[in-house]
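Novice: What follows is a predicted protein model with its sequence.
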Amino acid sequence: MHLAFLNPQGNFDPQDRYWTQHPDFGGQLVYVKQVALALGTMGHRIDIFTRRIRDPQWPGFADPLDGYPGAPNVRIVRIPAGPDHFLPKEELWPHIGADWVPGIIEFYRREGRLPDIFTAHYGDGGLAGVLIAAQTGIPFTFTAHSLGAQKMDQLGATPENLAALDARYHFARRLVAERLSMNRSAVNITSTRQERFEQYGHRAYRGAVDVHDDRRFAVVPPGVNRAIFDPDARAENEEWVHQYVRACLERDIREDRRDLPAIVLSSRLEPKKNPIGLILAFARNPHLRERANVVLITAHLDDPLRTDEGSSPAEQEVLGRIRRAVGEHNLWGEISAMAISGQASLAAAYRFLARHRSVFALTALYEPFGLAPLEAAATGLPVVVTRNGGPAEIWQEDGEEYGILVDPADPDNIARGLMRVLADPLAWEHFACRGRERVLARYTWERTAEGYLSVAQRVQAGHFRPAERPLPIPLFFQDPRPENDIPLDELHRLYFEPEVHPHPIHLPT
Ligand code: F6P
């Protein structure tokens, strides 16, 4: 099969040099790359479409065609969209229909043949899928990764702050594009059933897709890279990473505590990841403080408890709260923060920390899926994870526990969850084994690729049902002049008054 991925945001390069250096270079890129590679290994022809960027700050994204070493079936195809320089994903909307989609269609026109199916990622990829399908008739699957309405919830959108939020995040464009994507896709792919019902079921998507219709949805969970995240794997820089972690612990942790296990937190420094919830849980529980230290793995920030160097204003906000908690609860000597980026180095750090019988924690307020705990578990760490979102389905099933679920809003509950593994060596063994078994059985990229292939075949066989009422495509997405922009009133209606306008007609087409 010939399958094309639509992923305008971030970018792909053969060495993954930029992963985690910007919010747009996050888990979605890992996901698309790994599914594409696994499908390529199965013998299918794969194109990953992304944006061509000619920007001295982001070198490596200028070539129109690229690929991955040892993956002859997978092409990275870079198509211009808007200006040459890097654009954050929030700024891409006007350029998808105006440049990017025509560039993709032209690319295939020159090759003389379109792919069998497109698979679109995030609302911006989804919009491209909608426009390509409208012009060529080639179907697309839609994988949202993260939906704007939930982000609005997390940011506390109100009628009063709506204009300010929209000016920064362009939620009007995003929600309308997401509604179109889930409405006009051949099928919507979610990581969990919960994602389908809770996220697509948000009132802002009412009238775009029926979450109770099994023929509009397929569940395909993402996976971990077993060659990297494994207790017995070895990174090229394995010893260096171990020494670096040791050196950071010597710098930050009191001498008498250096052999204690660590509570490992490895996520972007964003309020929604709730690192402060974890730190307060630790700070307020003397038993926990006796048994473990906290280790923050902060991608590119080397010593963020002491310096702002290299951090963005948003990260500084989170770091400020962390530092205040460290000062108020006198956590110096019990907490360390270190820069580890890239999957191989991260896995090496997990292996070092697993030897000290550490535990991985993710206490995000809401986590759509939660790949990071799966990677940690595959490498041998037991996990303590938020019960809000996808993790609830992954780490517990039919009364079986594979990891410990906690309430991220309740520091006592987080502390109790951590104590279950840290206070009892048998429990540590149990959850380290059960967690790893769970990942290997269910969550590998080979499994994900098989899932995509099966969905693509079922699309071709007519198994899924197209939406009964296709939503009209607003003019802005083809002719992005300011006067055609999606008005703020539309966002207000979608987000605050869906009952009044169950099937909004966005704008003239
Ligand atoms: O990389 C993971 C991811 O979910 C991407 O889909 C997206 O780039 C980002 O994180 C979340 O985006 P947002 O905060 O705009 O919902």
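Specialist: It's in.
Novice: Strands of the stretch 251-400 of the chain, residue ranges please.
Specialist: 262-266, 293-297, 335-338, 359-362, 383-386, 396-397, 400-401 (DSSP state E, counting those that start in this stretch).
Novice: Would you mind pulling up the elements that the third one packs against?
Specialist: Contacts of strand 335-338 with other secondary structure elements, assessed using 3 or more C-beta pairs under 8 Å, 6 or more residues apart in numbering; DSSP states H and E, are made with helix 238-252, strand 293-297. Where you see a C-beta, it was placed from the backbone N, CA and C, and this is true even at glycine.
Novice: Tell me which of these is the most buried.
Specialist: Mean neighbour count, computed with mean count of other C-beta atoms under 10 Å, is highest for strand 293-297 among these, reaching a mean of 25.
Novice: what's that strand packed up against?
Specialist: strand 262-266, helix 275-283, strand 335-338, helix 343-355.
Novice: Generate a markdown table for these, with distance to the ligand as supplementary columns.
Specialist: Output for the helices and strands packed on strand 293-297, formatted as a markdown table (distance: least, C-beta to the nearest ligand atom, whole Å):
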| stretch | distance to the ligand |
| --- | --- |
| strand 262-266 | 14 |
| helix 275-283 | 16 |
| strand 335-338 | 22 |
| helix 343-355 | 14 |
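Novice: from these, which stretch is densest packed?
Specialist: Comparing the helices and strands packed on strand 293-297 by mean neighbour count (mean count of other C-beta under 10 Å), strand 262-266 ranks first with a mean of 25.
Novice: what's that strand in contact with?
Specialist: 275, 278, 282, 288, 292-297, 336, 340, 346, 350, 353, 356, 358-363, 372, 376, 381, 418, 422 (C-beta atoms under 8 Å, 6 or more residues apart in numbering).
Novice: mean confidence score for it?
Specialist: Averaging pLDDT along strand 262-266 gives 97.
Novice: Then stretch 108-127?
Specialist: On average, stretch 108-127 scores 98.
Novice: what do you get for stretch 183-200?
Specialist: Here the average pLDDT along stretch 183-200 is 94.
Novice: What residues sit buried inside that stretch?
Specialist: 183-192, 194-196, 198-200 (16 or more other C-beta atoms under 10 Å).
Novice: quick one: which of those residues sit in strands?
Specialist: Among the buried residues of stretch 183-200, the members falling in strands (DSSP state E) are 187-190.
Novice: Provide the backbone phi and psi angles at whatever residue of the stretch 1-150 of the chain ends up closest to the ligand.
Specialist: Closest approach between the stretch 1-150 of the chain and the ligand, counting by C-beta to the nearest ligand atom: residue 26, at 2.8 Å. Torsion angles at residue 26 (phi, psi; degrees, to the nearest 10) stand at phi -110, psi -150.
Novice: Mean confidence (pLDDT) on stretch 141-159, please.
Specialist: Stretch 141-159 comes out at a mean pLDDT of 95.
Novice: Check stretch 29-48 too.
Specialist: 96.
Novice: which other residues reach it?
Specialist: Residues contacting stretch 29-48 (C-beta under 8 Å, 6+ apart): 1-5, 7, 10-12, 16, 19, 68, 71-77, 115, 121, 145, 222-223, 225, 343, 371, 445-446, 448-449, 452-453.
Novice: then it to PDB, C-alphas only?
Specialist: What follows is stretch 29-48, C-alpha atoms only, in PDB (Å, rounded to 0.1, in the frame of the first residue of the first chain):
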ATOM      1  CA  LEU A  29       6.800  13.600  15.700                       C
ATOM      2  CA  VAL A  30       8.000  10.400  17.500                       C
ATOM      3  CA  TYR A  31       4.600   8.800  16.700                       C
ATOM      4  CA  VAL A  32       4.500   9.700  13.000                       C
ATOM      5  CA  LYS A  33       8.100   8.700  12.500                       C
ATOM      6  CA  GLN A  34       7.800   5.400  14.300                       C
ATOM      7  CA  VAL A  35       4.500   4.300  12.600                       C
ATOM      8  CA  ALA A  36       5.900   5.400   9.200                       C
ATOM      9  CA  LEU A  37       9.100   3.400   9.800                       C
ATOM     10  CA  ALA A  38       7.300   0.300  11.000                       C
ATOM     11  CA  LEU A  39       5.000   0.400   8.000                       C
ATOM     12  CA  GLY A  40       8.000   0.900   5.700                       C
ATOM     13  CA  THR A  41       9.600  -2.200   7.200                       C
ATOM     14  CA  MET A  42       6.500  -4.100   6.500                       C
ATOM     15  CA  GLY A  43       7.100  -3.300   2.800                       C
ATOM     16  CA  HIS A  44       4.600  -0.400   2.300                       C
ATOM     17  CA  ARG A  45       5.500   2.900   0.500                       C
ATOM     18  CA  ILE A  46       5.400   5.700   2.900                       C
ATOM     19  CA  ASP A  47       5.600   9.500   2.400                       C
ATOM     20  CA  ILE A  48       5.800  11.900   5.400                       C
END
